[in-house]
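**Student:** everything below, folded, please.
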Amino acid sequence: MNREDVKLIELNSGWESEFLSMVQEYAAAGENPYSEMYIETKETFQSFAAKLFDYSKGLNLPAGEAAVSTFWLVRDDKYLLGDSRLRHRLTPAWENEGGHIEYGIRPSERQKGYGSLILALTLQKARQYGFDRVLLTCDDNNIASVRIIEKNGGAYIDKTISQRTGRPVSRYWIDLL
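**Tutor:** Predicted structure coming up:
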């Protein structure tokens with residue numbers, strides 16, 4: 001991986017075909033991180049991108065939600081590797097599972113160091129937003145995410161139980177100062 005060719009950018013509407021390609025790749029792998037937000041709503045990419053842009057400004061949020069900024073990890077300004085979300089504050093639900101930052105790398109690009117990179121770059125964004133620490137969570141059996149979080153300074157707090165799946169979730173703080 002040549003790090004100079006990879007950067008974290010703000011969500012924008014010029015990436016429709018790459019986004020749809022990534023969504024299809026997740027679906028083919030039996031993963032659907034966009035099922036509720038995009039696929040099930042059957043909205044156009046333009047309206048989806050506009051909604052996420054509004055969310056980053058704290059506008060038109062679903063009840064009880066906090067503002068969340070979406071970023072895309074891109075290579076060579078043309079290939080979408082993955083995405084991350086930075087919540088501007090925690091709600092009780094996100095404190096239990098999800099935390100301040102969530103990230104994902106498309107299946108064909110995993111185990112190449114992009115997971116650690118996207119988290120490191122999103123932590124830089126969190127610093128720019130004024131955070132002094134962030135909460136991250138991952139499924140207890142997701143060894144790759146545990147390693148990524150710990151490599152980026154994650155300090156284990158405890159385990160909770162997912163309200164969605166009933167499975168154990170590990171929680172970590174990362175200090176940014």
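**Student:** wait, L73 touches Y114, no?
**Tutor:** Yes: counting by C-beta atoms under 8 Å, L73 touches Y114, with 6.4 Å between them. C-beta here means a position set from N, CA and C on the backbone, and glycine is covered the same way.
**Student:** so how far is the longest helix seen in the chain off the chain centroid?
**Tutor:** Using DSSP state H, we find that the single longest helix of the chain is helix 114-128. Centroid separation for helix 114-128 versus its chain: 10 Å, with C-alpha atoms, centre = their mean, to the nearest Å.
**Student:** shared neighbours of L73 and Y114, which are they?
**Tutor:** V6, L81, G82, I105 (C-beta atoms under 8 Å, 6 or more residues apart in numbering).
**Student:** just the buried members of these?
**Tutor:** For the shared contacts of L73 and Y114, a burial check counting by 16 or more other C-beta atoms under 10 Å picks out V6, L81, G82, I105.
**Student:** so which of those residues are in strands?
**Tutor:** Among the buried ones among the shared contacts of L73 and Y114, the members found in strands (DSSP state E) are V6, L81, G82, I105.
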